[in-house]
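Engineer: below are the sequence and a predicted model; questions follow.
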Amino acid sequence: MSGTIGFEPKIVAFVCNWCTYLGADLAGTARLEYPANVRIIRLPCTGRIDTNLVVKALEIGADAVLVSGCHPGDCHYSAGNYHARRRWMLFRDLLEVVGFDTRRLHFTWISAAEGRKFQQVIMEITEQTRALGPYRPYETEPAQPGASAGTIHPPALARDFAGVRQELRAAARRLLEEGKVKVVIGYGASGPVFITRPEDSEHLEWNEGCLANLTVYLKRPEVRALGAAAVVVKGCDERALVVLEKESQIRREELQVIGVACEGLGQAKCAACDTHVPRFADQIISSTAAQGEAPADGRYADLERFLEKPREERLAYWTAEFDRCLKCYACRQVCPMCYCEKCLADKNRPQAIDSSPHRKGNFAWHLSRAIHLAGRCVGCDECTRACPAGIDLRLLNLALARAAETQFGYRAGMDPAVEPVVGVYSLQDKEEFIQ
Amino acid sequence: MSRIGVFVCWCGENIARTVDVDKVVQASRALPGVRVAEHYKYMCSDPGQALIRDKIVADKLDGVVVASCSPHMHLKTFRRAVANAGLNPYRMEVANVREHCSWVHHDKATATEKAIDLIRMSVAKVHYDHALQPIRVPVTRRALVIGGGVAGIQAALDIADSGYEVVLVERDPSIGGKMAGLSETFPTLDCSQCILTPRMVEAGQRPRIRLHTYSEVESVEGFIGNFEVTIRKKARYVDMVKCTGCGECMKICPLKRTPSEFDFGMGTRPAIYMPFPQAVPARPVVDKNVCAKIIRNGCGLCEKKCAPGAINWQDRDEMIQEKVGAIVVATGYKLYSIGREQKSAKITGYGEYGYGKYKDVIDGLQFERLVSASGPTNGEIKRPSDGKVPQTIVFIACVGSRDNAKGLAYCSKICCMYTAKHTMLYKHKVHSGEAHVFYMDIRAGGKGYDEFVRRAIEQDGAKYYRGRVSKITQEDGKLIVRGADTLAGVPVTVEADMVVLAAAMRPADGIEELAQKLNVGVDEFGFLLESHPKLRPVETNSAGVFICGACHAPKDIPESVAQASAAASKVAVTFAASELTREPEIAKINELTCAACFACVRTCPYHAVERAEIRARNGTLIKYTARVNEGLCMGCGTCVAVCPSKSADIEGFTEEQIYSMVEALA
């Protein structure tokens, strides 16, 4: 939209067919004038609006995005807008952390009778955006290297690695001898091992290098082909099992879970761990560890410290982080929750996420992954460890974990009986940003 | 590559005055895939539609964009026009350049630029439109009516008259509902049972109507045209075939003191009972909560007395399955329970009126039973406390209703009318009696209604005070009613022998559970939600489920009957063809890429997504997948947004389409 004089904001509006679109029609019938900067995209329901669409709008140069639908309780499809509301609550928290200007993102409920409200909302947004100027988040100067987010690594403590190792090997041997399982997935000397013969149990290890989340292998076809499995998990890994079962990816009764009560392996996540002892395992090795609790300054201390930075600094930080991304998708490969056979990032009709390692596509990938893991990421931090570019993914995961906990009281993988965060809504979902 | 035609309407000068249609057509010709672009003064007119059709044929177009008024106006018009030319009607998009452009902007340059952008988006969208066919779903042409009051009976009769079978489920032992217990109805003062019982008998006798009384709907599965309903037939302990309805069992039953539900506690009934003599079916039930035989294997006198041997102590609740294609909900109402104790946390009671404390303070339905000729006092109005005829009765309107403080903000609609009726019935029976009415407003909007109220005041001498009652106390056997007459500006105190409270109509007990079983919404007061308050008052957002009568909102008998017939006509529309056609713009799931996380199953507001298995021909399981039920899906697209792999997509608003629209704005 070429403005000849001055800056004309480009505003993209995603609206629902039954309320806001009709409200806009009513504004037309009543000849209520408003600036011509908005382009309306009609959708059946706000429930249809994916966060990737909003990101795509920003990518193509929208200076502001409006998302609008029926008032809560009035959704033409009874609950679509409740699901949408919950999604936006999480999305906004994510954008705050990443440093996007949430003043550019507007959410409203406009009914079919509110033609005047539609006019006023468009006028307000246009003027506000004009005053704010063009939005060019992807042209941010990346932060200089060394601008650390300040993650803290707790000291490694001396542990009885040998004792645990013995017990693990014995447990695996027993399971295989009794024919209870066909394969034991455990930690080996330099990576995961898949023990199919009792005598090979000697290959099982337990040491400070046992950081991998082995639950990621449970869905691999080559592993499933081996037959009934046993898997060695730490308390943090076990949370992934809870989520996987809720999502119908594993059947807990077909699995043998060998839990190891670990006292921490010197990772950043270990300082805030309150699941040192696996809670649902079939057997627990070394139960001398205490369950643990969140540190005095909270589970999300690192994130809260990060949020003290001004917004521009946050965006500069993430620009630098994402610029290093090669789109190797190691983070995806290592994550137990990323089990889709055809990942959205690999789709090119349409291409929601540009696959080349350029800034827009990198932002799109990480934002999309974070949102897909909202309420599902158990904080095993394997993605952070696996990333060859050293991107601070842990901070990004913390963003949505914190959103899920503060907004909805939910922590992924803690309680199998609790409904998940996404795909569920509550009439009590409270926000203050929807007009 | 597509062959798209763009047709820009002037809409007279509604569009053309502000949007430069020549420029728009020129710009459209340059868009990718566009073969033809034309403008015309009135695209929806016959010549306009002919222009579209001719171009489709001449230029072999495979997609059409019409830039005109809102799709809510003419989408169907243009779809038909396109279909008439042999092009699939779903390969057509409308760009709204009137309501969203020419009517709201005045600057020609920016309005034209915006119109071009809107068309650019629609061209990108139509490129990816699939050629869709309407979805055909088979129909079981049998209806379920839940509730056997006047509305349910009317609906059942109308549906049966249309030629379809009806299953009528009623949870009380007899059909008839509240109307069977009324004495005379306004504004005609027709005897309620006299006009209702012929209908009840018809409903019981029609071969097409299958009656399940003393039964409740246990569960509902399926979707429009294909519902599977489980009905619990509660144990009557009476064999319905052997029983002749002679009534000897009721006479001999020694337990005669159970408060009668039909009389709202004003009278009593035995443990084996028919709710009223004109019950349909005219067979008794045994109240298992008080019967001595059932509780402690005592008594058994009815069994000894029963000549045909119809008493069956082995009777148990029975579950039956019925297949139906449409459901009509007509579960009626109950009155707000006035006393201090309330079941819901959101509603509070009136302690100050003494209901439940003083025996002579009763509600409207209880008064109906006292006045009714077949009631516990044979139509003589007697005080429940001492059986004397009251010489002064105070009637209080708006008890519970129109009161935000009590939690029921709505007007109960019928109370003004039945209060006037009560004064008239009282005065007709007790000529010397005094009838005092405390009211807030008089709502008498129906045919003959205002005249009726006037008659109560002017002919029958009812005294009306515009004011509320603060408190009712008892002194020396009299009820002291303290109220106000705000028009005269004075407080009013009446020493009454009886007080009748016009309590608000509320939906019947169990409505919220039933609504969940049917996937129908309820409002904050529990009334069932209609699709659209003005244009679709008897449909719900659950396709194939219709509502009528007081379960929807407080209403009187004529409106209930009218709504019941309306619901029946909707059922007839549903059954009109042997197959239902539904709009095909619904969700579909790519079963190859679906990861079977079932987030869509959890999310869908209509429970329209199912878990399915894909098996090889020899039966081995290949994978699990989610699958959309084409009969249930309403096309909201919420499943698409929650699907991580985007295996779920929605026709008419696909991922490809929406992204192409956004990218068209780059």
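Structural biologist: Ah, there it is.
Engineer: what's the closest non-adjacent residue to residue 81?
Structural biologist: By default, I'm working from chain A. Closest residue to A:N81 in three dimensions, ignoring its sequence neighbours and counting by CB to CB, 6 or more residues apart in numbering or on different chains: A:C75, at 4.3 Å. (Each C-beta comes from the backbone N, C-alpha and C, glycine too.)
Engineer: let me rephrase: I mean chain B.
Structural biologist: Here the nearest residue to B:A81 in space, its sequence neighbours aside, is B:Q49; by CB to CB, 6+ apart that works out to 4.0 Å.
Engineer: residue boundaries of the helices in the stretch 301-450 of chain B?
Structural biologist: According to DSSP state H, counting those that start in this stretch, the stretch 301-450 of chain B carries its helices in the segments B:301-305, B:364-371, B:415-429, B:449-458.
Engineer: in the shortest one, which residues are buried?
Structural biologist: Under the neighbour-count criterion of 16 or more other CB atoms under 10 Å in any protein chain shown, helix B:301-305 has B:L301, B:C302, B:E303 buried.
Engineer: now stretch A:171-179
Structural biologist: Within stretch A:171-179, the residues scored as buried using 16+ other CB under 10 Å are A:A171, A:A172, A:R173, A:L175, A:L176.
Engineer: from the chain's centre, how far out does it sit?
Structural biologist: On the basis of CA atoms, centre = their mean, to the nearest Å, stretch A:171-179 sits 37 Å off its chain's mean C-alpha point.
Engineer: ditto for stretch A:189-206
Structural biologist: Distance, stretch centre to chain centre, for stretch A:189-206: 32 Å (CA atoms, centre = their mean).
Engineer: show me the shaky parts of the stretch 51-200 of chain B.
Structural biologist: Per-residue confidence for the stretch 51-200 of chain B (pLDDT under 70) gives no ranges below the cut-off.
Engineer: coming back round to it: next step: the buried residues of stretch A:171-179 restricted to helices.
Structural biologist: Of the buried residues of stretch A:171-179, the ones assigned to helices by DSSP state H are A:A171, A:A172, A:R173, A:L175, A:L176.
Engineer: of all the buried residues of stretch A:171-179, which two lie farthest apart?
Structural biologist: A:A171 and A:L176 (9.8 Å; CB to CB).
Engineer: all strands for the stretch 351-500 of chain B, in order.
Structural biologist: Listed from the start of the chain, the stretch 351-500 of chain B has strands (DSSP state E, counting those that start in this stretch) covering B:361-363, B:392-399, B:434-439, B:463-466, B:469-475, B:478-485, B:490-496, B:498-503.
Engineer: next: the stretch 251-400 of chain A.
Structural biologist: A:255-260, A:283-285.
Engineer: can you give me the buried ones in stretch A:122-130?
Structural biologist: Within stretch A:122-130, the residues scored as buried using 16+ other CB under 10 Å are A:I122, A:I125, A:T126, A:T129, A:R130.
Engineer: so where's chain B shaky on pLDDT?
Structural biologist: In chain B, residues with pLDDT under 70: B:1.
Engineer: let me see the domain layout of the chain.
Structural biologist: I went with chain A, as the question did not name one. When chain A is parsed with automatic domain parsing, its domains come out as A:9-149+A:310-435, A:162-285.
Engineer: try again with chain B
Structural biologist: According to automatic domain parsing, chain B comprises the domains B:4-127, B:142-332+B:548-576, B:336-506, B:587-650.
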